[in-house]
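Student: need a 3D model of the following:
(one chain, ligands or ions: 3)
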Amino acid sequence: MSDDSMHGFGPAKRSILVVEDNEINRDLLCALLVDDFEVITAENGLVGLEKLREHQEILSLVLLDVYMPQCDGFEFLRRRAEDEALANVPVIVTTASDSLDDEIRCLQLGANDFVVKPYNADIIMNRINNTIHLRETASIVNQLTWDDLTKLFNKEFFYRHSEDALTSAPDKRFDMICSNIENFKHYNDRYGRATCNDLLRDLASNLKQTLPGIVAGGRIGGDKFAFLVSHRGRGWEQILEEATKDLAIPGIRVKFGIVEDVSHSLAVSLACDRALIALDKIKGRRGTNVAWYNDELHQQQIVEEIILETMEQALKDRQFVVYYQPKHDLRTGRTGGVEALARWIHPELGFVSPAQFIPVLERQGYITQLDMYILDEACRELKHLEELGLRPVPVSINASAYDFDVPNLVQHITRTVDGYGIDHSLLHVELTETAYSEDPETVARALKDLRDLGFCVELDDFGAGYSSLASLNVLPLDVMKLDMSIIRQATALNDFRIVHAAIQLAQLLGLSTVAEGVESQEEVEQLKSMGCDYIQGYYFSKPLRSNEFEAYLAEH
Ligand code: C2E
Ligand code: CA
Ligand code: CA
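Tutor: Ligands and ions are numbered 1, 2, ... in the order given. Prediction:
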């Protein structure tokens, strides 16, 4: 062993397996090779196969004699070909001179090269080095090209290959199909890596077999695949459903997004992004597994890009305005509070709804700036009500999960409210359970601090999606807001039992209740009879501009 390799530097010697029954020949080969290679020997084909199996990971080459007892070279080659991993190790066959037939047979059985006995040192070393070099180059190319697990192209190569296909056939029509497994992370945790790898492998292979007109298929993310295919009209649903049947994990759902007529002017990565945007829109929706990218999504995306580019300036320019939606107090029949809701009057887009801009601001880290701006405006409005001689009502602001990452959130809120000389009991903070689930301890601590300082905390959207009773136990709260979806559903089914149970639960925990999104007299009556405290919804009022709200408050 050289000094270098002893210290772990320099390349380790490559290993060669010599399969040869003739002892003299074997020793001869060993002597030739031993300076440059680690040599493993086998005295017949059977032992040779065993050693090949045992050392397949480290073997760079097999030198194989043809005529041996027990299992000859032909049989060795035949059995090696049956196992993909074994077939990966190249074989040079050593043959007697003038046996062209043997050479041809061996090459047909997958041998890579041959050398003729008696051995010529130069020839044999050159052929060995060439074969090893070829195989290692191919393996590097493979690593650059293929995803080992799924045998699809890797992302970079998929993009490159697809782009070539698009440019070389500008008149042909192509579609891009991307797939994503729903809740893959959850399955990974639950079933383990091995099973999930099986799943990915099966899905990739099913898709390869079932999709008609595949030009290229790639793994573009952990559980995301992409296929460039020849264009075909609808009918994809059945094909894709067929491809996702009988997967390793029962009940798993695979969603697909399709971009039709991908042209070479659209970058392939962008086509994939769009397919994934379409796919995202049907996330969690049962029964719908295929979605197409369309004009509406395209418009949405353009709006999102404009939002992204202009939000920072908009915050500076105070383009956001606050609308106020009253909460009706069922006991007193008067206005018992108000929620501050952000609106963006955009110089280019006009009126933008928070459903559009809040998620973008959250993703980009601007949401806390907005929330603190709304807080400031809300306090200013409370001050203004006082100046107008109107009875002040508590105003609630919405807090995003990200707000709680700000270390001095509570101090900032306190300083703002105190700056306007407003009583702490007049400020409520609404937060959703999703905010709580991100970092329960930090959120619970901040809420406790807020309550200790005399502010009120409202749990928003109770009953929407992921309500967990655990959070009710742990969170310091004053108010439960029932999400409008459970009110809507109760009305549709004419069954208010769930709503009733939620109100009773709140009462049990000493929380007051606000029902959101109430639109009809009937809903008001039902909620009143169940002991609900406050009602917020179009039935009483839509969110109002500040001067409209002031007029409303004067009246109610
Ligand atoms: P949210 O906090 O649940 O607000 C209630 C939403 O329901 C408001 O939509 C309101 O206009 C609407 N709504 C109220 N009554 C009714 C009704 O009777 N029927 C119907 N169909 N809808 C009703 P909006 O203003 O579009 O706000 C959407 C969401 O955006 C809010 O949901 C809130 O999560 C978020 N948001 C709004 N302003 C802010 C803000 O300043 N900061 C943060 N972080 N989020 C905000
Ligand atoms: Ca709210
Ligand atoms: Ca809500």
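
Student: now do the SS call for whatever residue of the stretch 1-150 of the chain ends up closest to ligand 2.
Tutor: At 43.6 Å from ligand 2, residue 150 is the closest residue in the stretch 1-150 of the chain, using C-beta to the ion. Quick note: C-beta positions are derived from backbone N, CA and C, even for glycine. Using DSSP: H, G, I helix; E, B strand; the rest coil as the criterion, the local structure at residue 150 reads coil.

Student: look up how far residue 226 lies from it.
Tutor: Separation of residue 150 from residue 226 (C-beta to C-beta, to the nearest Å) stands at 12 Å.

Student: now residue 214
Tutor: 11 Å.

Student: now residue 28
Tutor: Note on residue 28: its distance to residue 226, by C-beta to C-beta, is 54 Å.

Student: quick one, which of those two is more surrounded?
Tutor: A direct count of neighbours by other C-beta atoms under 10 Å for residue 28 and residue 226 places residue 226 higher, at 27 against 17.

Student: is the more buried one in a helix, a strand, or coil?
Tutor: Three-state call for residue 226 (three-state DSSP): strand.

Student: mind naming the longest strand for this protein?
Tutor: Counting residues, the longest strand in the chain under DSSP state E turns out to be strand 335-346.

Student: for the residue of the stretch 251-400 of the chain found nearest ligand 2, grab phi and psi.
Tutor: Among all residues of the stretch 251-400 of the chain, residue 398 sits closest to ligand 2, at 4.6 Å; criterion: C-beta to the ion. Its backbone dihedrals place residue 398 at phi -90, psi 130, with angles given as degrees, to the nearest 10.

Student: nearest residue to it other than its sequence neighbours?
Tutor: residue 430 (5.0 Å; C-beta to C-beta, 6 or more residues apart in numbering).

Student: which ones are touching whichever residue of the stretch 101-250 of the chain sits closest to ligand 2?
Tutor: Scanning the stretch 101-250 of the chain for the residue nearest ligand 2 gives residue 183, at 27.3 Å (criterion: C-beta to the ion). Residue 183 is in contact with residue 253, counting by C-beta atoms under 8 Å, 6 or more residues apart in numbering.

Student: quick one: low-confidence parts of the chain?
Tutor: Flagging of the chain using pLDDT under 70 yields the residue ranges 1-11, 97, 437-438, 465-468.

Student: got the domain ranges for the protein?
Tutor: What the record gives for the chain is the domain set 3-144, 153-293, 302-555, from automatic domain parsing.

Student: quick check: which of these is nearest to ligand 1?
Tutor: Of all the domains of the chain, domain 302-555 sits nearest to ligand 1, with 3.3 Å by C-beta to the nearest ligand atom.

Student: got the end-to-end distance for the closest one?
Tutor: According to C-alpha to C-alpha, to the nearest Å, domain 302-555 extends 42 Å from its N-terminal end residue to its C-terminal end residue.

Student: let me know whether that domain sits next to ligand 3.
Tutor: Yes: Domain 302-555 reaches ligand 3 (C-beta under 5 Å from the ion) through 460, 461.

Student: and that domain, how far out from the chain middle?
Tutor: For domain 302-555, the gap between its own C-alpha mean and the chain's C-alpha mean amounts to 30 Å (C-alpha atoms, centre = their mean, to the nearest Å).

Student: now swap in stretch 268-285 and tell me
Tutor: Counting by C-alpha atoms, centre = their mean, stretch 268-285 comes out at 11 Å from the chain centroid.

Student: okay, buried residues for it please.
Tutor: Residues of stretch 268-285 classed as buried by neighbour count (16 or more other C-beta atoms under 10 Å): 268-269, 271-279, 281-282.

Student: tabulate the domains of the chain (TSV), appending distance to ligand 1.
Tutor: Converted to TSV, the domains of the chain look like this (distance: least, C-beta to the nearest ligand atom, whole Å):
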stretch	distance to ligand 1
domain 3-144	45
domain 153-293	18
domain 302-555	3
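
Student: hang on, residue 429 packs against residue 459?
Tutor: No: contact between residue 429 and residue 459 fails when scored by C-beta atoms under 8 Å: they sit 10.3 Å apart.

Student: what residues are shared contacts of those two?
Tutor: What both residue 429 and residue 459 touch, as defined by C-beta under 8 Å, 6+ apart, is an empty set.

Student: the residue of the stretch 451-556 of the chain found nearest ligand 2 pairs with what?
Tutor: When you check the stretch 451-556 of the chain against ligand 2 by C-beta to the ion, the closest residue turns out to be residue 460, at 4.4 Å. Counting by DSSP bridges, residue 460 forms beta bridges with residue 432.
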